[in-house]
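>>> What shape does this take:
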Amino acid sequence: MEELSFLQRIVVWIVPILFAITVHETAHGWMAMRLGDPTARMLGRLTLNPIKHIDPLGTVLVPGLLLLFGGFIFGWAKPVPVTWQNLKNPRRDMALVALAGPLANLGMALVWGMLIQVGLALNGAASAYLVYSGVAGVFINTLLMVLNLLPLPPLDGGRVASGLLRGKLAWHFDRLEPYGFPILVILLVTGLLGEILWPVVSVMLSGLSAVAGLSSDSFQLLLYALVG
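Purely as a prediction, here's the structure:
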């Protein structure tokens, strides 16, 4: 595959990134509604319209700069509001609401993998676009899923871990939330975040490559063309 220009990379990445964050956040709201909390629906957040979920800094500026400089792609969306008092079993249900986001990303990764198969069966510019977009979609959704499952509040994995803990352990764990984002930034800047995530991401990408009809090496070459 030929080297892509920066503009071509932006065109390829934008749709997978927007869908990844939109479906992730909508899944949180949908699960909360199923468990008794209509807050997200009432505030117009139970939608696939990406504009409702975009955070100008975390969804646009930070990922764009990281993509420009070829760094670790990282970002965030506006959290979907959940009123825990509406939930029948708040600790358990908040864990289920949190888990819905990463599971949605897993489903999206599988869909993008199947889209790669469609692209491989076609010819021309449409084929290249679908294959590259599919690779981007598989990667960004896998990365978001694994990242969000880190047991660090306020990430989804932290909410799940909090739901599994009991008594004082849960209370002490929840007190980490104000420090969660600074810890995450430190891990990102020092490179430790990539070292923690990449072994898991790599294994998952190998499996998803097979679903897409690509060898792991072919997938890695396509991904390298996308991140520079």
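>>> Might you list the low-confidence residue ranges for this protein?
1-2, 63-64, 66-75, 228 (pLDDT under 70).
>>> Spatially central residue for it, please.
Taking C-alpha atoms, centre = their mean, the centroid of the chain lies closest to Leu144, which sits 2.5 Å from it.
>>> nearest residue to it other than its sequence neighbours?
Using C-beta to C-beta, 6 or more residues apart in numbering and skipping residues adjacent in sequence, the residue nearest Leu144 is Asn105, 4.9 Å away. The way it works is simple: take the backbone N, C-alpha and C, and place the C-beta from them, glycine included.
>>> just to revisit the earlier point, what strand or helix carries the residue nearest to the centre of the chain?
According to DSSP states H and E, Leu144 maps onto helix 125-148.
>>> next SSE after that helix?
Beyond helix 125-148 toward the C-terminal end (DSSP H and E), the next one is helix 156-164.
>>> for that next one, which positions count as buried?
156-163 (16 or more other C-beta atoms under 10 Å).
>>> Over to stretch 184-202?
184, 187, 193, 197, 200-201.
>>> Mind checking which of these land in helices?
184, 187, 193, 197, 200-201 (DSSP state H).
>>> Pick the one among the residues you listed closest to Leu115.
Checking those against Leu115 by C-beta to C-beta gives Val201 as the nearest, at 19.4 Å.
>>> Could you measure from the residue lying closest to the closest one once chain neighbours are set aside over to Leu4?
Excluding its sequence neighbours, the residue lying closest to Val201 (C-beta to C-beta, 6+ apart) is Val146, at 5.2 Å. Look at Val146 and Leu4: by C-beta to C-beta, to the nearest Å, they are 25 Å apart.
>>> which of the two has more neighbours?
Just comparing Val146 and Leu4: by other C-beta atoms under 10 Å the higher neighbour count belongs to Val146, 22 against 17.
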